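Trainee: Here is a sequence together with a model predicted from it:
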Amino acid sequence: MKFQFYCIIIILLLSIFFINNIHAQNELPYKSLFDFQNDTTVFINYNFIDRAEQYVGKTLEFIVRDLQIPVKYIFMNIGGEATIVVVGLYLGFYSREEVNGLCNSTINKPYCIDVNWEEKVPIEDFISLVRSGDYNKMINKYKDFRITKIGVGYPPKSEHEKNR
């Protein structure tokens, strides 16, 4: 009887410990690029993979501010069933040509932040912005959109993607 009591106490204590650890991971503090000695890969992995849940419900503007890396290329994340709509953006750290080259690369370095939002944007509205080539204008148009999910893009042949 005493043995069972002690087992229950130990299980309860371990449960509390694990719940606290999980909760603490969800509250990781933001760290700047400088905190990682300008290592963009570690910066991106920590802030936008380990802390991805911190951005749910925040705005696109908030994420771009935290990114600290210039957005050089934006491509749309599309979805929809009956009609094609834009459900988010890929914020690229490289030019369009560099991103295309990375698709066949084994380099283990992130190339974009994948942001999904609550709103659905007709693809026609987005295409006119793409044609302008002004990425700041695109970000500004959608800056108040609330984020539902965030991810990080790696080249498909990279070690990072192979280990997922």
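Mentor: That came in fine, so what should we check first?
Trainee: When you work out contacts or count neighbours from here on, use the C-alpha atoms and nothing else.
Mentor: Will do.
Trainee: neighbours of Y142, just the number please.
Mentor: By the criterion of other C-alpha atoms under 10 Å, Y142 has 17 neighbours.
Trainee: any idea how far the nearest residue to it once chain neighbours are set aside is from P155?
Mentor: Among residues not flanking Y142 along the chain, L60 sits closest, at 6.9 Å (C-alpha to C-alpha, 6 or more residues apart in numbering). Going from L60 to P155 by C-alpha to C-alpha, to the nearest Å gives 23 Å.
Trainee: Just confirm G151 is within a helix.
Mentor: No - G151 is assigned strand when assessed by DSSP: H, G, I helix; E, B strand; the rest coil, not a helix.
Trainee: beta partners of it?
Mentor: D114 (DSSP bridges).
Trainee: Isn't it up against Y111?
Mentor: No - if you go by C-alpha atoms under 8 Å, G151 and Y111 don't touch, sitting 11.1 Å apart.
Trainee: higher neighbour count, these two?
Mentor: The neighbour count for G151 versus Y111, taken as other C-alpha under 10 Å, is higher for Y111 (23 against 18).
Trainee: Next up, the contacts around that one.
Mentor: Applying C-alpha atoms under 8 Å, 6 or more residues apart in numbering, we find Y111 in contact with G92, F93, Y94, V99, V152, G153, Y154, P155.
Trainee: Domains in this structure, by residue range?
Mentor: 1-30, 32-162 (automatic domain parsing).
Trainee: which residues are contacting the helix or strand where D66 lies?
Mentor: Using DSSP states H and E, D66 sits in helix 60-67. Identification of contacts with helix 60-67 by C-alpha under 8 Å, 6+ apart yields S32, I44, Y55, V115, I139, N140, Y142, K143, D144, F145, R146, I147.
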